[in-house]
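1. okay, sequence plus prediction incoming.
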Amino acid sequence: MKHAILFAMAFFLSIGIHAQKNGELWLDTSGKHINAHGGNIIKYGDKYYWYGENRPYRGFTTEVGVEVYSSTNLQDWKDEGVALSVSETPGHDIERGCIMERPKVVYNPKTQKFVMLFHLELKGRGYDAARVAFAESDSPVGPFRFIRSTRINADKWPFDFTKKQIKAAQKTDASKWKEWWTPAWRAETEKGMYLWRDMAGGQMSRDMTVYIDTDGKAYHITSSQENLTLLVSELTDDFLDFTGKYNMVAPGGQNEAPCIFKHDGNYWLICSGCTGWAPNEARMFVSKSIWGPWKSLPSPFEGTSNYQNFTAKKTFGAQGTYIFNERTDGTGRFIFMADIWNPQHLSQSLHLWLPIDYKADGTPVIRWVDNPEVKAGL
Ligand code: GAL
């Protein structure tokens with residue numbers, strides 16, 4: 001009898017597994033909600049791997065680490081366990097109780113290693129540390145070995161700053177601006193006031209992504225300067241460090257949750273505003289080069305959702321985390337992957353995947369669909 005009940009439960013759960021529906025919990029192959037938030041997906045061999053924040057049911061700190069799931073069809077996800085585990089050593093950068101966010105794993109064909117970059121906040125320091133961290137593994141499911149965490153681009157100016165711009169930035173003084181958002185403050189920020197403030201210790205790095213371009217070069221894109229300005233930084237060939245070449249995107253624009261893809265020769269960058277766990281309106285930028293100039297565009301989201309009446313004005317209640325292509329040869333649709341955060345129970349935050357379509361002029365547009373219906377194209 002007991003076996004029959006268990007069998008029936010497994011059967012009904014397995015039916016649910018095939019219908020990952022936006023706005024609902026997404027169950028893994030064991031029937032548990034997928035606890036991989038703020039993450040990304042890669043393809044390796046004949047499998048997809050989904051990495052993300054393993055979040056607690058209560059509280060905000062990282063108690064477990066980065067979780068990894070595998071799938072052959074982008075719909076049925078098997079929990080492969082903890083890819084990068086918190087450390088039990090007091091004082092360690094990733095000591096249990098730190099905050100690990102927005103992990104992005106990429107495969108490096110030259111070194112044949114899986115490299116993970118993530119946003120790290122040190123235990124007990126809120127969001128003050130604002131660091132990026134590196135980890136590495138020989139296998140897609142880990143265990144990843146923590147390498148180090150750091151602020152970025154210390155003592156380096158953006159490569160496209162002129163001598164005049166450097167001089168102007170050196171005249172700014174962030175400590176004297178008590179009131180933000182005045183036109184004068186904004187002008188100083190655009191000059192690089194926070195860049196100058198953090199020149200010696202390194203630039204802040206919070207919400208982040210990693211982008212591998214079609215020529216194999218890797219870039220780190222992050223919310224820096226008190227979340228006011230995005231930085232695009234080139235990574236070394238092994239993806240484990242910065243080359244020192246970087247520049248700013250939309251200084252003072254307050255962009256978070258950067259997600260990027262390339263389509264028809266254009267780089268499209270889709271970000272959120274800065275309202276913590278609460279949803280806000282997305283924004284978009286387009287450029288012919290990863291180094292800009294970036295043209296600012298309105299949100300690509302359109303229409304209403306089937307989730308709590310959220311509309312495009314609030315990105316359907318979600319915040320982006322990554323954009324992946326549904327087909328292994330890159331000829332499929334790009335899928336915008338987002339989190340509908342649940343700050344009361346972060347582990348229960350929902351996943352939202354929406355296909356990216358295009359308007360007649362080629363501008364991306366994202367509308368609600370109940371079921372992402374991703375096709376693996378293996
Ligand atoms: C969001 C950010 C999340 C997390 C959260 C904390 O703006 O995108 O990754 O840091 O704030 O409040």
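-> Sure thing, it's come through.
2. contact residues of this structure facing the ligand?
-> Taking Cβ under 6 Å from any ligand atom as the contact definition, the chain meets the ligand at G38, E101, R102, D207, E256, A257, C274, G276, W277, Q319. C-betas here are computed from N, CA, C, even on glycine.
3. the third one: neighbouring residues, count only.
-> A count of nearby residues for R102, using other Cβ atoms under 10 Å, gives 28.
4. how close does the residue of the stretch 1-150 of the chain found nearest the ligand get to I340?
-> Nearest residue of the stretch 1-150 of the chain to the ligand (Cβ to the nearest ligand atom) works out as E101 at 4.7 Å. The span separating E101 from I340 equals 16 Å under the rule Cβ to Cβ, to the nearest Å.
5. and G332, what pLDDT?
-> On pLDDT, G332 comes in at 88.
6. ok so, going back, does the residue of the stretch 1-150 of the chain closest to the ligand belong to a helix or a strand, and which?
-> strand 99-108 (DSSP states H and E).
7. what's the helix or strand following that strand packed up against?
-> Counting by DSSP H and E, the element after strand 99-108 in chain order, helix or strand, is strand 113-121. Counting contacts by 3 or more Cβ pairs under 8 Å, 6 or more residues apart in numbering; DSSP states H and E, strand 113-121 packs against strand 78-85, strand 99-108, strand 131-137, strand 208-212.
8. how many neighbours does the residue of the stretch 1-150 of the chain closest to the ligand have?
-> E101: 21 neighbours (other Cβ under 10 Å).
9. residue contacts, the nearest residue to it once chain neighbours are set aside?
-> Nearest non-adjacent residue to E101, counting by Cβ to Cβ, 6 or more residues apart in numbering: H119, 4.2 Å away. Remark: with contacts taken as Cβ atoms under 8 Å, 6 or more residues apart in numbering, H119 is in contact with 99-102, 130-133, 205-208, 222.
10. cool, and I147?
-> A133, F134, A135, E136, L240.
11. look at the residue of the stretch 1-150 of the chain closest to the ligand and report its pLDDT.
-> pLDDT, E101: 98.
12. now do the contacts for it.
-> By Cβ under 8 Å, 6+ apart, the residues touching E101 are G38, E53, F118, H119, L120, E121, R206, D207.
13. out of the contacts of I147, flag the one nearest to K43.
-> K43 has its nearest neighbour among the contacts of I147 in E136, at 18.8 Å by Cβ to Cβ.
14. got the contact list for that closest one?
-> E136 neighbours (Cβ under 8 Å, 6+ apart): K113, F114, V115, M116, F144, R145, I147, L240.
15. filter the residues you listed down to the buried ones.
-> Among the contacts of E136, those buried by neighbour count (16 or more other Cβ atoms under 10 Å) are K113, F114, V115, M116, F144, L240.
16. please name the nearest non-neighbouring residue to the third one.
-> If I follow you right, that is V115. Counting by Cβ to Cβ, 6+ apart, F239 is the residue found nearest to V115 once chain neighbours are left out, at 4.3 Å.
17. how close does that neighbour get to P140?
-> To P140, F239 is 15 Å away according to Cβ to Cβ.
18. closest to the ligand out of the residues of the chain next to the ligand?
-> Ranked by distance to the ligand (Cβ to the nearest ligand atom), these are led by G276 at 3.8 Å.
19. distance check, that closest one against N227.
-> Look at G276 and N227: by Cβ to Cβ, they are 10 Å apart.
20. what helix or strand is the residue nearest the centre of the chain located in?
-> In the chain, the centroid-proximal residue (Cα atoms, centre = their mean) is T321; its distance is 3.9 Å. If you go by DSSP H and E, T321 is part of strand 319-325.
21. ditto for W268
-> In the assignment (DSSP H and E), W268 maps to strand 266-272.
22. okay, now the sheet partners of that strand, with direction.
-> Applying DSSP bridges to the sheet, strand 266-272 is found paired with strand 256-263 (antiparallel), strand 283-287 (antiparallel).
23. okay, among the residues of the chain next to the ligand, which ones form the most distant pair?
-> Longest span within the residues of the chain next to the ligand, Cβ to Cβ: G38 and C274, 15.1 Å.
24. those two: who's more crowded?
-> Applying other Cβ under 10 Å to G38 and C274 shows that G38 carries more neighbours, namely 30 against 17.
25. hang on, that one in a strand?
-> Yes. Counting by DSSP: H, G, I helix; E, B strand; the rest coil, G38 is located in a strand.
26. show me the shaky parts of the stretch 251-378 of the chain.
-> The stretch 251-378 of the chain contains residues with pLDDT under 70 at 378.
27. now with 80, please.
-> Residues of the stretch 251-378 of the chain meeting the criterion pLDDT under 80: 328-330, 375-378.
28. was I right about A129 contacting K123?
-> No. Taking Cβ atoms under 8 Å as the definition, A129 is not a contact partner of K123, at 9.4 Å.
29. now do the helices in the stretch 51-200 of the chain.
-> In the stretch 51-200 of the chain, the segments counted as helices under DSSP state H, counting those that start in this stretch are 163-170, 183-191, 193-197.
30. average pLDDT for the second one?
-> Confidence over helix 183-191 (mean pLDDT, whole number) is 94.
31. packing partners of it?
-> For helix 183-191, the elements it packs on are helix 163-170, judged by 3+ Cβ pairs under 8 Å, 6+ apart.
32. what's the angle from the helix it packs on to helix 183-191?
-> Orientation check (axes from the mean of the first three to the mean of the last three Cα atoms, to 10 degrees): helix 163-170 against helix 183-191 gives 130 degrees.
33. which helices and strands sit right next to helix 163-170?
-> helix 183-191, helix 193-197.
34. make JSON lines out of these and add mean neighbour count.
-> Compiled in JSON lines, the helices and strands packed on helix 163-170 are given as follows (neighbours: other Cβ atoms under 10 Å):
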{"stretch": "helix 183-191", "mean neighbour count": "16"}
{"stretch": "helix 193-197", "mean neighbour count": "23"}
